[in-house]
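[1] any chance you can model this:
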Amino acid sequence: MSSAAEHAGEVTHAPKITGLADLSKLSLAALGVVYGDIGTSPLYALKECFSGEHGVEVNPQNVLGIVSLVFWSLTLVIVVKYMTFVMRADNHGEGGILALLALLKPKAGEKTLALRIYVMLGLFGAALLYGDGVITPAISVLSAVEGLGAGQPNEAAATKVTEATVEGFHAHLTFSEALSSKPVIVAITVVILVVLFLAQRRGTAKVGAVFGPTMLLWLVTIAGLGSSWIVKHPSILFAINPHYAARFFMAHGVHGFLILGAVVLCITGGEALYADMGHFGKKPIRAAWFFAVYPALLLCYFGQGALLLEKGNVDNPFYAMVSGMWRYPLVAIATLATIVASQALISGAFSLTQQAVQLGFWPRVTIRHTSGEAEGQIFIPEINTALMVACIALVITLQESSKLAAAYGIAVTGTMSITSLLFYGVVRRWGWSALASTALVGFFLIIDLSFFSANVNKIHEGGWFPLAVGVGVFTLMTTWHAGRVRLGESIRAATLPMTVFLEDLAMTKPHRVKGSAIFMTSNPDGAPPAMLHHFKHNKVLHEQVVLLSIQTRHVPELAPSARIEKIVDLGQGLYQVVAVYGFMQTPNVIEVLDLCRKAGLQTHAADTSFFLGRETLLITDRRGMATWRKQLFSFMSRNARPANAFFSIPSNRVVELGTQIEL
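    Take a look at the predicted model:
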């Protein structure tokens, strides 16, 4: 029999680039997936700085100060932190907070308090991303549709809608006023979100081709609009000087610091640069940023600043850059761009869930691959439904992008702060000195925590939402992991050492029936309880018995050539097989058996049966886990996807053997 060396065949997740054509194609695709969120932030970022409870007065000093803050936020956070340093921390080409956490995997025998803290931080950061996945579609689409009401007094328009309804839609209501009313804007937003989420089951393979061109059109549009206003007021370019940002803080004190809670909206989506690195690679992401996204965003923000210098206070500085009927095409382009931005976060939630399942922090869910070519394109119905309900509820409840913005900042800054802390652990593993690591990460944390602190006062305004989602998901993830550890201990305690079982077989010589029996087991070194129950009650064994263990490695993908880690002939017709997958791959037992045949272990589909254990959990007073967590774990376990479906085992070939386990 053959065996593969451990960790052999690890796949670099990023695509190969052989020339300028590949780089250009991937950079265009990255525009649609990676930059949808940050690319649409001009819709609401500058608006929030000059409106709402914490907005400042529109005057030349404030405009130059805030535009300077936006410029340096984009430069220091995106260019310096993510582009220059964090993206260097890739796990075989893959990025994201769980990939970063995987880089901190303990060495053999290493168990320290620092590692446990890193795990808890990483899990909470991942949990916050679910809150981000709910808020992004809601705020992006709503802020785009609100362009219909730009320049219109919404309350007056809403009043006229009421009058028109009472009087039978009389002439009091114009078409423009009807579109600009808050109920209509909310209704349009909800319809777009419903269509967006219902379309997820079709996958992004087909529509993904238009994502890049759509975002390119959007970036060209906002760059052109911004340039036209910069030409009128080139003095806005003085905002590049950080002196104006510093002077803004000195002039406004605490109030100026709180404005950072709105300024941070210009870097929303920054985490996506890192999370989507495995789909496109570092070079395309950086090329798209420096040649398209960064200049377009700067031109748009500086253009909005120039407009404010020209016109003074306006309802929405983005939509005020156009006038008359030109507003409607701009709303249409903005809506398309925000749908792209929303899609990226929804797909990210699917990918994050898949990783969490494979790493043992989430129950088995339905994972459907929507593309035969790209393994990362998946659809998870349970997550899609939860996100859709939460998004729609959020829009109906808050109704304004300004209120959603308060919730947005907490999620973004919380995740960025956790990324910085995890990055410290990684650079220390690279061999950096404590002084150099602390200096670099300390600089990042000063920025991250400043943004986070400025958003803390918004918790009561909506910032509680992502924190509540984060705490809820974190509780589920840690409970599931702790429950699986406890369950594994119980199963191992009931597992008979293989040597003892083989000795018993040699003495009893039980009747052997034709065919092959596949027993799934998490412990490859012992006789699984399902096999012991089968042998005890049926008094027979198949001629060929395969103990199959599927394990997850802390790498994104493993090549099929490295799928079978080992095949061991235990004697008396028993074989031990260990198959390995990356944390971004979905296990497939049929694929494993096909590879086993190529390695010399022959099984025939027609006479192969799969034996699975189904545990019934009994809640006891045993210490080690709170009763409410035991009950929660039991509920999650009952509602998890069946093992045969998750491992792609044909349902008509499965035999389940029940067992009771005390928690």
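[2] show me the helices in the stretch 151-300 of the chain, by range?
    Under the criterion DSSP state H, counting those that start in this stretch, the stretch 151-300 of the chain contains helices at 154-166, 175-180, 182-198, 208-232, 242-258, 260-263, 270-275, 277-280, 282-288, 294-311.
[3] again, but for the stretch 451-600 of the chain
    464-493, 498-508, 529-538, 589-599.
[4] as a markdown table, those helices with mean pLDDT and distance to Ala30 would be great.
    Just so you know, the C-beta spots here come from the backbone N, C-alpha and C atoms, and that holds for glycine as well. Below are the helices of the stretch 451-600 of the chain laid out as a markdown table (pLDDT from 0 to 100; distance: least, C-beta to C-beta, whole Å):
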| stretch | mean pLDDT | distance to Ala30 |
| --- | --- | --- |
| helix 464-493 | 84 | 26 |
| helix 498-508 | 82 | 50 |
| helix 529-538 | 81 | 46 |
| helix 589-599 | 86 | 30 |
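[5] for Leu273, find the nearest of these.
    helix 464-493 (19.6 Å; C-beta to C-beta).
[6] roughly how far is that closest one from the heart of the chain?
    18 Å (C-alpha atoms, centre = their mean, to the nearest Å).
[7] next: stretch 616-628.
    Worked out by C-alpha atoms, centre = their mean, stretch 616-628 lies 32 Å from the chain centre.
[8] just to revisit the earlier point, mind checking which of the helices of the stretch 151-300 of the chain is nearest Gln585?
    helix 277-280 (12.2 Å).
[9] what mean pLDDT does the closest one get?
    Mean pLDDT, helix 277-280: 71.
[10] what about the strands in the protein?
    10-11, 368-369, 378-379, 496-497, 511-520, 526-527, 540-553, 557-558, 564-571, 574-582, 608-618, 654-662 (DSSP state E).
[11] ok, the residue lying farthest from the centre of the chain - contacts?
    Distance from the C-alpha centroid of the chain peaks at Met507, with 54.4 Å (C-alpha atoms, centre = their mean). By C-beta atoms under 8 Å, 6 or more residues apart in numbering, no residues touch Met507.
[12] tell me which of the helices of the stretch 451-600 of the chain approaches Ala393 most closely.
    helix 464-493 (10.1 Å).
[13] what packs against the closest one?
    For helix 464-493, the packing partners by 3 or more C-beta pairs under 8 Å, 6 or more residues apart in numbering; DSSP states H and E come out as helix 113-145, helix 401-429, strand 608-618, helix 627-639, strand 654-662.
[14] closest to Ser351 out of the ones you listed?
    helix 113-145 (10.2 Å).
[15] now that closest one: buried residues?
    118-119, 121-145 (16 or more other C-beta atoms under 10 Å).
[16] what's the answer for stretch 419-427, then?
    Those would be 419-427, for stretch 419-427 by 16+ other C-beta under 10 Å.
[17] next one: stretch 352-370
    352-359, 361-365, 367, 370.
[18] now, the most widely separated pair of those residues?
    Phe361 and Thr370 (23.6 Å).
[19] what's the neighbour count on Ala606?
    When neighbours are defined as other C-beta atoms under 10 Å, Ala606 has 7 of them.
[20] about what we covered before: same list (the helices of the stretch 151-300 of the chain) but as JSON lines, adding mean neighbour count and distance to His92.
    JSON lines is the format used below for the helices of the stretch 151-300 of the chain (neighbours: other C-beta atoms under 10 Å; distance: least, C-beta to C-beta, whole Å):
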{"stretch": "helix 154-166", "mean neighbour count": "15", "distance to His92": "50"}
{"stretch": "helix 175-180", "mean neighbour count": "17", "distance to His92": "50"}
{"stretch": "helix 182-198", "mean neighbour count": "17", "distance to His92": "32"}
{"stretch": "helix 208-232", "mean neighbour count": "19", "distance to His92": "23"}
{"stretch": "helix 242-258", "mean neighbour count": "15", "distance to His92": "38"}
{"stretch": "helix 260-263", "mean neighbour count": "26", "distance to His92": "35"}
{"stretch": "helix 270-275", "mean neighbour count": "26", "distance to His92": "15"}
{"stretch": "helix 277-280", "mean neighbour count": "25", "distance to His92": "8"}
{"stretch": "helix 282-288", "mean neighbour count": "22", "distance to His92": "13"}
{"stretch": "helix 294-311", "mean neighbour count": "23", "distance to His92": "27"}
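[21] quick one, which of these gets closest to Ala645.
    helix 182-198 (22.7 Å).
[22] mean confidence for the closest one?
    85.
[23] what are the contacting residues of stretch 519-537?
    By C-beta under 8 Å, 6+ apart, the list of residues contacting stretch 519-537 reads 488, 491-492, 494-498, 500-501, 510, 517, 541, 545-550, 576, 578, 589, 610-613, 643, 647, 655, 657, 659.
[24] how about a cut-off of 7 Å?
    Stretch 519-537 is contacted by residues 488, 491-492, 494-498, 501, 541, 545, 547-549, 576, 578, 611-613, 643, 657, 659 when judged by C-beta atoms under 7 Å, 6 or more residues apart in numbering.
[25] list the buried residues for that stretch?
    519-522, 524, 526-535.
[26] any idea how far apart the tips of that stretch sit?
    Distance between the two ends of stretch 519-537: 16 Å, counting by C-alpha to C-alpha, to the nearest Å.
[27] quick one: low-confidence ranges for the stretch 151-300 of the chain?
    Low-confidence segments of the stretch 151-300 of the chain, defined by pLDDT under 70: 151-181, 202-209, 278-279.
[28] what about Met584, how many residues nearby?
    Using other C-beta under 10 Å as the criterion, the residues surrounding Met584 number 25.
[29] can I assume it is in contact with Leu558?
    No - when contacts are counted by C-beta atoms under 7 Å, Met584 is not listed as touching Leu558 (10.0 Å).
[30] which among the contacts of stretch 519-537 count as buried?
    491, 495, 498, 501, 541, 545, 547-549, 576, 578, 611-613, 643, 657.
[31] what's the closest of the residues you listed to Gly269?
    For the buried ones among the contacts of stretch 519-537, the nearest to Gly269 is Ala643 (36.7 Å; C-beta to C-beta).
[32] pLDDT score for Leu548?
    pLDDT, Leu548: 87.
[33] contacting residues for the nearest residue to Gln551 once chain neighbours are set aside?
    Spatial nearest neighbour of Gln551, excluding adjacent residues (C-beta to C-beta, 6 or more residues apart in numbering): Val580 at 5.2 Å. In this structure, Val580 makes contact with 551, 553, 558, 563, 565, judged by C-beta under 7 Å, 6+ apart.
[34] how about the fourth one, what does it touch?
    Neighbouring residues of Arg563 by C-beta under 7 Å, 6+ apart: 579-580, 592, 595.
[35] from Ser490, how far out is it?
    With distances taken as C-beta to C-beta, to the nearest Å, Arg563 is found 29 Å from Ser490.
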